[in-house]
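starting from these lines, generate the structure:
(chains A and B)
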Number of protein chains: 2
Amino acid sequence: MKVFINVRLKDAVLDPQGAAVKDILTRAGYDFVKDVRQNKLFEIELNGETAPVQLSEIADKFLANPIIEEFKISR
Amino acid sequence: MKVFINVRLKDAVLDPQGAAVKDILTRAGYDFVKDVRQNKLFEIELNGETAPVQLSEIADKFLANPIIEEFKISR
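Numbers count the residues shown, from 1 in each chain, chains lettered A, B, ... in the order given. So this is what the prediction gives:
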């Protein structure tokens, strides 16, 4: 089974990588791009079934920095 | 409107970041984790409607390195 954990900077936190990409796209003429945020997406292959609570624990303790980042688990 | 472009290393390409995360999780006792890949997920806010062909162009020219990476656009 595969799960995806999307780790992103909170909206209130500046994302310099995303801002740099946005800037490059605007200069290249893609003026329909309003904003870019660059997230980390962890693609996790699991052995069998896993309790959602364990996935939250992994995201919270190892993948995201809860002070500045938030995460979302999807399947 | 918001679109997501997921840029990931091709399966044949080694992902050292993902491997490091997998290693840490295994050592921490999460032995149900079989494999981890770390992707870049670009969250792009657009002004109005945009042709899918332009998004593919952005992904192909600016966000992914087509030699080692592949991308997927979703909404």
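
alpha carbons only for contacts and neighbour counts from here, please
OK.

flag every buried residue along the host helix or strand of A:V53.
Following DSSP states H and E, one finds A:V53 within helix A:52-58. Neighbour-count burial for helix A:52-58, counted by 16 or more other C-alpha atoms under 10 Å in any protein chain shown, picks out A:L55, A:S56, A:I58.

distance of the residue of chain A most remote from its centre relative to chain B?
Most distant from the centre of chain A: A:G29, at 26.3 Å, with distances by C-alpha atoms, centre = their mean. The gap separating A:G29 from chain B is 11 Å, by C-alpha to the nearest C-alpha, to the nearest Å.

helix/strand/coil for that residue?
When classified by DSSP: H, G, I helix; E, B strand; the rest coil, A:G29 comes out as coil.

please, where are all the helices along chain A?
For chain A, applying DSSP state H gives helices covering A:16-27, A:52-58.

any idea which of those scores lowest on pLDDT?
Mean pLDDT is lowest for helix A:52-58 among the helices of chain A, at a mean of 90.

sorry, back to before: pLDDT score for the residue farthest from the centre of chain A?
For A:G29, the predicted pLDDT is 93.

and it, what is it in contact with?
Applying C-alpha atoms under 8 Å, 6 or more residues apart in numbering or on different chains, we find A:G29 in contact with no residue.

reformat the helices of chain A as TSV; add distance to chain B.
What follows is the helices of chain A, written out as TSV (distance: least, C-alpha to the nearest C-alpha, whole Å):
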stretch	distance to chain B
helix A:16-27	8
helix A:52-58	8
